[in-house]
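> Could you work out the structure for the sequence below:
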Amino acid sequence: MAIARALAADPKLIVGDEPTGNLDSVTAGEMFALFRRLNDEGKTVVYVTHDRELAARAQRTISIRDGPRRRCVRRRPWPRRFSASRSPT
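The predicted structure follows:
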């Protein structure tokens, strides 16, 4: 419900802090598919995650450990399709 309220305002920037952390794998896949669709529509989507599989599906990842940025990886176009089913990490 919180996602619906946030998107109702049609924001240009969507920020998520562990947005799939409490979701089952199917719902997490649907959530990421929504993020991708929003990004394809021109919205900026930024999320923080400890899920390496989810991070690997992003167009750009920035790794941070103990404060400073460690690595920045850019991938364009989208690296691969995100299926609704993903294996647990």
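> What helices and strands are in contact with the lengthiest helix in the chain?
Looking across the chain with DSSP state H, the single longest helix is helix 25-40. With contacts taken as 3 or more Cβ pairs under 8 Å, 6 or more residues apart in numbering; DSSP states H and E, helix 25-40 sits against helix 2-8, strand 13-17, strand 44-48. For glycine as for every other residue, the C-beta is placed from the backbone atoms N, C-alpha and C.
> Please pull out the lowest mean pLDDT helix or strand from this protein.
Scoring the helices and strands of the chain by mean pLDDT, DSSP states H and E places strand 69-74 at the bottom, with a mean of 68.
> buried set for stretch 49-58?
By 16 or more other Cβ atoms under 10 Å, the buried positions in stretch 49-58 come out as 49, 51, 54, 57, 58.
> which residues of this structure score low on pLDDT?
Residues of the chain that meet the criterion pLDDT under 70 lie in 1, 69-71, 74-89.
> same thing but at 90, please
1-7, 16, 18-23, 25, 27-33, 36, 47, 49-89 (pLDDT under 90).
> Checking the residue sitting furthest away from the middle of it next. Helix, strand or coil?
Farthest-out residue of the chain from its mean C-alpha position, per Cα atoms, centre = their mean: residue 66, at 21.7 Å. Under DSSP: H, G, I helix; E, B strand; the rest coil, the three-state class of residue 66 is coil.
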